[in-house]
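**Student:** Sequence and predicted model, in that order:
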Amino acid sequence: AASAPADEIIPWVERQYRAAPERILSGHSLSGSFAVHTLLNRPELFRAYVAASAALWRYEGLAADMKTGFPRAARAGAAIYLTVGQHENEQLRNGMQAFPGALKDAAAGTAPAWSFADMKGEDHSSTPKRSLYDALEARYEAWRFPFFEDEAGLARVGGLPGIESHYQRLSKHFGYAGPPPEGTFLQAPGLQVAAGRHDDVLQMARTYAAPYPSLSERLTNQVGYDQLKRGQIDRAV
């Protein structure tokens, strides 16, 4: 028998692109209904779902799918973020409001994690991008790393060990390697170069040479140029 599309498309995407195991399915309007349908019928395919302005009023068999799909999605550990615009038509708004209502009424432990936003001032064409942004921000809010821009700020977050520890915990939580983002990768060592802590920066450049080869090279060059400025010719070479 032919394999299901999910068993073909998802492996193909993960072979062709640098995709992480943290799969998120986002849809708007009819594709928002598709996201809800997938949550209720194959929740294990994705860890999170975003349904913006989903046309649930056209979803045949939704009540039956919710009855069996809510506990299935809860067991899979899935989560869904739902939105609707203030200026959308009445049928669509009613359908989108009824779905989180059913989630709210479900017994504890028998429904997936969920959130719902009724977006003030938005209409059917304006909800998709804002919904995706807000959903991603909400999902990763607990993993936002504190901002710093000087040595004191870097010390408050635990220095380089604090940064590495944070992203090691993130990697363990989500199940894949998540190194510090490039901005953090450059900002912290830049402060250390200015402070003359060259060995620490070179160690970081070696540690992250695989995920960030060009940035690792850039850090090594920064150390060398700073040593030249300090008259440390042999060390720079």
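**Tutor:** Thanks, I have the structure now. These numbers come from a predicted model, not from an experiment.

**Student:** List the buried residues of stretch 122-138.
**Tutor:** Judged by neighbour count using 16 or more other Cβ atoms under 10 Å, the buried positions of stretch 122-138 are Glu122, His124, Ser126, Thr127, Pro128, Ser131, Leu132, Asp134, Ala135. In short, each C-beta sits where N, CA and C put it, glycine included.

**Student:** which residues touch the third one?
**Tutor:** It stands for Ser126. Residues near Ser126 by Cβ atoms under 8 Å, 6 or more residues apart in numbering: Gly85.

**Student:** Please report how far it lies from Pro71.
**Tutor:** The spacing between Ser126 and Pro71, counted by Cβ to Cβ, to the nearest Å, is 34 Å.

**Student:** now swap in the fourth one and tell me
**Tutor:** Counting by Cβ to Cβ, the gap from Thr127 to Pro71 is 29 Å.

**Student:** same check, this time on the second one
**Tutor:** According to Cβ to Cβ, His124 and Pro71 sit 31 Å apart.

**Student:** next one: the first one
**Tutor:** Using Cβ to Cβ, one gets 32 Å for the distance from Glu122 to Pro71.

**Student:** Now do the helices in this structure.
**Tutor:** 5-16, 30-41, 62-76, 90-105, 127-139, 151-156, 159-174, 182-194, 198-207, 213-229, 233-236 (DSSP state H).

**Student:** Could you verify my assumption that Gly121 touches His87?
**Tutor:** Yes: contact criterion Cβ atoms under 8 Å: Gly121 and His87 qualify, at 7.5 Å.

**Student:** Compare the two and say which is more crowded by neighbours.
**Tutor:** Comparing Gly121 with His87 by other Cβ atoms under 10 Å, the one with more neighbours is His87, at 15 against 8.

**Student:** so what's that one up against?
**Tutor:** Counted by Cβ under 8 Å, 6+ apart, His87 has contacts Gly121, Glu122, Asp123, His124.

**Student:** redo that, cut-off 7 Å
**Tutor:** His87 makes contacts with Glu122, Asp123, as judged by Cβ atoms under 7 Å, 6 or more residues apart in numbering.

**Student:** The helix or strand of the chain with the lowest mean pLDDT packs against which elements?
**Tutor:** When the helices and strands of the chain are compared on mean pLDDT, DSSP states H and E, helix 182-194 comes out lowest with a mean of 86. Using 3 or more Cβ pairs under 7 Å, 6 or more residues apart in numbering; DSSP states H and E as the contact test, the elements touching helix 182-194 are helix 151-156, helix 159-174, helix 198-207, helix 213-229.

**Student:** Which among those is found nearest to Ala54?
**Tutor:** Across the helices and strands packed on helix 182-194, Ala54 has its closest neighbour in helix 159-174 (25.9 Å, Cβ to Cβ).

**Student:** Can you list the buried residues in that closest one?
**Tutor:** Buried, per 16+ other Cβ under 10 Å, within helix 159-174: Gly159, Leu160, Gly162, Ile163, Glu164, His166, Tyr167, Leu170.

**Student:** returning to what we had before: so which of the buried residues of stretch 122-138 would you say is closest to Leu191?
**Tutor:** Of all these, Leu191 sits closest to Asp134, with 32.2 Å by Cβ to Cβ.

**Student:** can you pull the pLDDT of that closest one?
**Tutor:** In this model, Asp134 is scored at 96, pLDDT.

**Student:** Quick check: it vs Ala6, distance?
**Tutor:** 26 Å.
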